[in-house]
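Enquirer: Sequence below, structure please.
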Amino acid sequence: MLVVARPWSAAVSLSTCWFGPDHCFHETSDLTVCAYVYAAAALFALYIHVHRRSRLREHGRDSSLLPARRMRFFPLLLFLAFVSRLAWLLLHDVHAMQFRANATAPYEHVLVVFVHPNITIDLYPAAVVSWGKLSTLVYFSAFSLILQFWSDVLHDAAAASATHSHHHPSVSAKPASSSRRNNLLAIVNVWMYVLEVGQLLAKTFEWRVPPWVSNADGAVIAAFYGAMSIMLAIYALRLRLIFARGGADMTSSSAVSKTVATRVTIIGLLSSALFVVRSVLFFASPKDTLDHAYPWMYYAMPELVPGCAVLLFMRVKQPSAVHHRRKDSASPMALSLVTERVPFLTSEDVLSV
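Expert: Numbers count the residues shown, from 1 in each chain. Sure, this is the predicted structure:
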């Protein structure tokens with residue numbers, strides 16, 4: 001069995017006990033330092049979301065770049081995922097919804113028992129574990145948007161190539177294929193939500209389920225993130241080949257196409273590698289160690305590094321003075337061609353991911 005664990009209290013040097021001696025906030029513990037990093041990442045994601053929404057037409061309803069619309073909520077989803085993980089870390093640090101009989105006794109969950117009807121509610125999964133599951137689900141949905149976006153770009157590139165080659169029968173078959181892939185991604189997201197919510201409800205209401213069901217948290221995360229890592233790698237390599245040949249449109253700038261190819265490769269392979277590592281850790285680690293595992297290895301690195309890498313490439317740069325002069329001298333038809341038909345023509349209009 002593979003376990004990468006570290007006592008979270010090992011790095012504690014300062015603490016503030018606002019909620020009693022058993023619920024102290026440790027300012028320098030691994031959990032809290034990790035929460036600080038998540039807070040910074042959440043602010044960065046919110047900044048990117050607001051900045052892109054105010055600067056790019058792809059967030060508006062007048063945009064004809066339909067594939068780009070899939071990505072407009074990616075920074076917002078990352079913001080929600082990072083805030084949820086931040087709450088989960090802080091609640092773990094203060095031992096929320098837990099108690100112990102004395103200073104040396106282990107922590108136990110707070111239970112609410114109703115005699116009529118006979119229902120027992122475990123408040124720890126409902127108030128603490130739920131934040132961690134919400135973060136995992138929203139983060140998975142965010143990267144599903146990338147997969148759907150890349151699927152649309154692959155479809156458009158194949159359609160453009162078929163049009164230039166005068167293979168019209170193949171063009172008519174492509175939309176159904178792209179639609180099926182996106183529908184499959186949506187179904188996968190729904191099933192992950194169903195499984196995670198079902199596990200949370202079983203733990204909250206202490207339903208009598210087989211042990212392998214209640215202990216399948218790590219296996220579920222490992223399976224879904226492992227599948228996503230494979231799809232990210234496949235799509236990234238296919239997109240790299242397309243952009244290396246000049247982009248999804250034959251009139252696209254070769255320099256911009258190479259830039260997009262590099263960015264797609266970095267995002268795809270980096271995310272795929274870290275998701276594989278996360279899958280192996282969650283699958284090989286015993287269930288009891290997941291709540292006490294080293295947070296940087298199990299959560300921060302596989303979530304913050306890929307997410308922030310995508311956000312960095314989604315930044316909108318200030319147009320240069322040369323570009324302004326070119327736009328002033330360009331004809332209205334040329335400007336329409338750049339912003340609507342050829343999104344990869346200029347660095348300001350490039351769809352980074």
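Enquirer: hey, let's count contacts and neighbours off CA atoms from now on
Expert: Noted.
Enquirer: can you give me the helices in the protein?
Expert: Using DSSP state H, the helices found in the chain span residues 30-55, 66-69, 74-93, 123-124, 130-164, 168-204, 211-214, 217-244, 254-284, 287-290, 295, 301-313, 321-329, 332-336.
Enquirer: tell me the most buried of those helices?
Expert: Of these, the one with the most neighbours on average (mean count of other C-alpha atoms under 10 Å) is helix 74-93, at a mean of 23.
Enquirer: got the CA positions of that one in PDB?
Expert: C-alpha atoms of helix 74-93 as PDB (Å, rounded to 0.1, in the frame of the first residue of the first chain):
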ATOM      1  CA  PHE A  74     -13.500  28.000 -16.500                       C
ATOM      2  CA  PRO A  75     -11.900  30.700 -14.200                       C
ATOM      3  CA  LEU A  76     -15.100  31.000 -12.200                       C
ATOM      4  CA  LEU A  77     -15.300  27.300 -11.700                       C
ATOM      5  CA  LEU A  78     -11.700  27.200 -10.500                       C
ATOM      6  CA  PHE A  79     -12.500  30.100  -8.100                       C
ATOM      7  CA  LEU A  80     -15.300  28.100  -6.600                       C
ATOM      8  CA  ALA A  81     -13.200  24.900  -6.400                       C
ATOM      9  CA  PHE A  82     -10.300  26.700  -4.700                       C
ATOM     10  CA  VAL A  83     -12.600  28.500  -2.200                       C
ATOM     11  CA  SER A  84     -14.200  25.100  -1.400                       C
ATOM     12  CA  ARG A  85     -10.900  23.500  -0.800                       C
ATOM     13  CA  LEU A  86      -9.800  26.500   1.300                       C
ATOM     14  CA  ALA A  87     -12.900  26.000   3.500                       C
ATOM     15  CA  TRP A  88     -12.200  22.300   3.800                       C
ATOM     16  CA  LEU A  89      -8.600  22.800   4.900                       C
ATOM     17  CA  LEU A  90      -9.500  25.400   7.500                       C
ATOM     18  CA  LEU A  91     -12.400  23.200   8.900                       C
ATOM     19  CA  HIS A  92     -10.000  20.300   9.100                       C
ATOM     20  CA  ASP A  93      -7.400  22.500  10.900                       C
END
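Enquirer: where in this protein is pLDDT low?
Expert: Along the chain, the model assigns pLDDT under 70 to residues 1-15, 18-22, 54-69, 161-179, 246-253, 287-293, 316-353.
Enquirer: now with 90?
Expert: 1-30, 49-73, 92-93, 95-120, 148-186, 203, 206-218, 239-264, 284-295, 313-353 (pLDDT under 90).
Enquirer: ok, now which ones touch Ser141?
Expert: By C-alpha atoms under 8 Å, 6 or more residues apart in numbering, the contact set of Ser141 is Leu77, Asn189.
Enquirer: which residues sit in contact with His49?
Expert: Contacts of His49 by C-alpha under 8 Å, 6+ apart are Arg72, Phe73, Phe74, Pro75, Leu76.
Enquirer: ok, back up a step: so which of the helices of the chain gets nearest Val113?
Expert: With C-alpha to C-alpha as the measure, helix 123-124 is the member of the helices of the chain nearest Val113 (10.6 Å).
Enquirer: who's in contact with the closest one?
Expert: The contact list for helix 123-124 (C-alpha under 8 Å, 6+ apart) reads Ala96, Met97, Gln98, His109, Val110, Leu111, Val112, Thr204.
Enquirer: sorry, back to before: in TSV: the contacts of His49, plus distance to Ala126.
Expert: Listed next are the contacts of His49 as TSV, based on distance: C-alpha to C-alpha, whole Å:
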residue	distance to Ala126
Arg72	31
Phe73	27
Phe74	27
Pro75	27
Leu76	24
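Enquirer: Can you tell me which of the residues you listed is nearest Ala160?
Expert: Once C-alpha to C-alpha is applied, the member of the contacts of His49 that ends up nearest Ala160 is Arg72, at 23.9 Å.
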